[in-house]
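**Student:** could you look at this predicted model? Sequence included:
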Amino acid sequence: MAVRAVFFDFDGVLTRDKTGSLTTLRFLASATGIPRERLQEAFRPHNTALNLGTVSHVEVWPAICARLGRQIDMRLLEAAYDSTPFNEDMLAVARELKRRYAVGIITDNKIDRMERLERKSSLGAVFDPIVVSSRIGSDKASATIFRRALDLARTEACEALFIDNSPENLVAARHLGMQVLHFDDEANDVAGLRTTLRDRFDLEIEAPPGAREAGPGLTSA
């Protein structure tokens, strides 16, 4: 079935960090001098609830600070979000695809982070819809988030392609009938991705001269 919509994961695909937590913790560690491991330990109990939108950072911040034994200015979170390293080559792929296809984001993420980045980086100019786990109360372990994205894009599952850097995040999408593609964020072979999109999924996109038929780490199902 021809692809009419392409959905990208956010962290590890459209950004150069594997997860948003990595971006946030790295910045906070640098800004506060607190070791990243201690920060991770303080945030970990709240991560799932934050990604599902059942709590907010405002609600859990006192507990995080108590665990650290130190009061941290919550405004540092916004600065941490702003430090997100975008994958410019992948964004160029999305912009090119947008000329002919629906292009969206499906991500497990914190609502305040995505709202900040949508506003600061004008993500909506390229991606529509942007479906965030904390907005709908469901993550990529369930088909719910993918159904929401398909409904918003007015696309059937078999006509949609989802790209993610975590193989486990492709399972529910595949079972729903979506076409899926694993992107190895460590290899970051965007040139190979372009070739795969063109040759394997028959998408109209330019591939760099001499690109391989399929780059390392690119697997589809």
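**Tutor:** Okay, I see it.
**Student:** what ranges does the chain have for its helices?
**Tutor:** Assigned by DSSP state H, the chain shows helices spanning 20-32, 36-43, 47-52, 57-68, 76-82, 88-98, 111-121, 133-136, 144-153, 171-176, 190-199.
**Student:** buried residues in the second one, which are they?
**Tutor:** By neighbour count, with 16 or more other CB atoms under 10 Å as the criterion, the buried positions of helix 36-43 are 38-40, 42-43. Every residue, glycine included, has its C-beta placed from N, CA and C.
**Student:** one more: the last one?
**Tutor:** Buried residues in helix 190-199, defined by neighbour count with 16+ other CB under 10 Å: 190-198.
**Student:** kindly provide the distance from the residue of the chain positioned farthest from its centre to A63.
**Tutor:** Ranked by distance from the centre of the chain (CA atoms, centre = their mean), the top residue is G69, with 31.6 Å. Distance check for G69 against A63: by CB to CB, to the nearest Å, it reads 12 Å.
**Student:** likewise for R119?
**Tutor:** Distance check for R119 against A63: by CB to CB, it reads 27 Å.
**Student:** these two - which one has more neighbours?
**Tutor:** A63 (14 against 10; other CB atoms under 10 Å).
**Student:** my read: the more buried one touches H46, true?
**Tutor:** Yes: with contact defined as CB atoms under 8 Å, A63 and H46 form a contacting pair (7.2 Å).
**Student:** pLDDT below threshold where in this structure?
**Tutor:** For the chain, the stretches with pLDDT under 70 are 208-221.
**Student:** quick one, domains of the chain?
**Tutor:** Per automatic domain parsing, the structural domains of the chain span 5-17+85-220, 20-82.
**Student:** any idea which of those domains is most buried?
**Tutor:** domain 5-17+85-220 (a mean of 19; mean count of other CB atoms under 10 Å).
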